[in-house]
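Chemist: following is a predicted model, sequence given first.
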Amino acid sequence: AIPWGEQGFVVAGEAGDGEVALELIEKEQPQVVVSDINMPFMSGLEMAKQIKKRSPETRIIFLTGYEDFKYAQEAVKLKAFDYLLKPVDSEYLLEKAIEAAAEWEKESVKEKRILESLPLLQQKFFQKLIREGDHRVDVENELLGLDVQLEGPYFGVILVKNTIELDLEGQFLKEKITSFISSYSNELSCLVMYADVGEYAILLSLENDHDSRKGEFISLSFLFIKI
């Protein structure tokens with residue numbers, strides 16, 4: 001009864017119960033899910049909890065009867081996009097679906113911009129660290145701002161600069177460095193970050209200034225230079 005296609009929507013799937021719906025949602029990763037709260041085998045609320053884990057960006061619009069309005073508070077806790085009482089006007093439901101899709105798109109663009117700007121932010125961090133030194137830079141807070149979570153509180157760094165293989169740029173160079181570290185040791189708690197054009201930093205977490213892993217880190221530096 002709802003002209004989804006006229007508004008640019010594609011119906012990715014339909015299901016008669018929550019369990020089947022969850023399989024479809026995990027596979028299709030839809031922008032919007034319209035669901036009853038009362039369903040066999042798995043309720044809409046339980047399904048929503050699982051959706052948040054498997055397809056966290058999906059917006060959920062719940063439909064339910066007046067007698068189940070008590071579930072509205074739970075739906076709010078689950079951060080459902082909206083909660084509509086039956087009988088639902090088809091035009092109103094379509095309007096809400098459009099709003100939900102628009103919110104999804106806005107959030108998606110925002111996340112994409114953050115990801116695209118992350119290398120620049122990482123570069124600024126390392127330039128600041130080189131310029132001012134760790135005695136003036138709050139390394140832990142700076143790393144949290146870059147969504148980097150290493151235990152610390154001490155850190156070691158190897159700077160890797162590509163000067164020979166000009167084709168090793170961007171993500172490929174980062175993946176090659178990460179692969180090398182992983183093959184060498186699973187004990188090191190570290191992360192590879194963008195530092196400059198053709199240059200990456202291997203950031204290591206240390207417990208203290210005398211951490212025994214520092215020796216392993218020096219060995220890693222030597223091996224990397226040899227390669």
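Modeler: Great, that's in hand. Just so you know, these numbers come straight off a predicted model, no measurement behind them.

Chemist: residue boundaries of the strands in the protein?
Modeler: Ranges of strands in the chain, per DSSP state E, are 32-36, 59-64, 82-85, 154-161, 190-196, 199-206.

Chemist: other residues contacting the second one?
Modeler: For strand 59-64, the external contacting residues (CB atoms under 8 Å, 6 or more residues apart in numbering) are 31-38, 44, 48, 51, 71, 75, 78, 80-86, 88, 93, 96-97, 100-101, 103-104. In this view, the C-beta of every residue, glycine as well, is placed from N, C-alpha and C.

Chemist: what of stretch 85-95?
Modeler: Contact partners of stretch 85-95, identified using CB under 8 Å, 6+ apart, comprise 1-4, 7, 34, 61, 63-66, 69, 84.

Chemist: lowest-confidence helix or strand of the chain?
Modeler: Sorting the helices and strands of the chain by mean pLDDT, DSSP states H and E puts helix 213-226 at the bottom, at a mean of 61.

Chemist: buried ones in stretch 23-35, by neighbour count?
Modeler: 25, 30-35 (16 or more other CB atoms under 10 Å).

Chemist: er, stretch 190-199 I mean
Modeler: Residues 190-195 are the ones in stretch 190-199 that count as buried (16+ other CB under 10 Å).

Chemist: quick check: angle from the lengthiest helix in the chain to strand 32-36?
Modeler: In the chain, taking DSSP state H as the definition, the longest helix is helix 90-132. In terms of direction (axes from the mean of the first three to the mean of the last three CA atoms, to 10 degrees), helix 90-132 departs from strand 32-36 by 130 degrees.

Chemist: quick one: helix 90-132 to strand 154-161, angle?
Modeler: Using the same axes, to 10 degrees: helix 90-132 against strand 154-161 is 90 degrees.

Chemist: what average pLDDT does helix 90-132 get?
Modeler: For helix 90-132, mean pLDDT is 81.

Chemist: and the gap between residue 159 and residue 203?
Modeler: 10 Å (CB to CB, to the nearest Å).

Chemist: have a look at the two and say which one is more surrounded.
Modeler: Counting neighbours by other CB atoms under 10 Å for residue 159 and for residue 203 shows that residue 203 has the greater number, 22 against 13.

Chemist: what pairs with the more buried one across the strands?
Modeler: residue 157, residue 191 (DSSP bridges).

Chemist: returning to what we had before: closest to residue 125 out of the strands of the chain?
Modeler: When the strands of the chain are compared by CB to CB, strand 190-196 sits nearest residue 125, at 8.0 Å.

Chemist: so how far is the closest one off the chain centroid?
Modeler: Relative to its chain's centre, strand 190-196 lies at 18 Å (CA atoms, centre = their mean, to the nearest Å).

Chemist: can you check stretch 29-41 too?
Modeler: Mean-position distance between stretch 29-41 and its chain equals 23 Å (CA atoms, centre = their mean).

Chemist: end-to-end on that stretch?
Modeler: By CA to CA, to the nearest Å, the extent of stretch 29-41 from end to end equals 21 Å.

Chemist: that stretch - what's its average pLDDT?
Modeler: Here the average pLDDT along stretch 29-41 is 88.

Chemist: and residue 126, how close does it get to residue 105?
Modeler: From residue 126 to residue 105 the distance is 33 Å (CB to CB).

Chemist: so if I had to pick from these two, which one is more boxed in?
Modeler: With neighbours defined as other CB under 10 Å, residue 126 and residue 105 compare such that residue 126 has more, 20 against 11.

Chemist: what sits against that one?
Modeler: Applying CB under 8 Å, 6+ apart to residue 126 gives the contacts 193, 195-196, 201.
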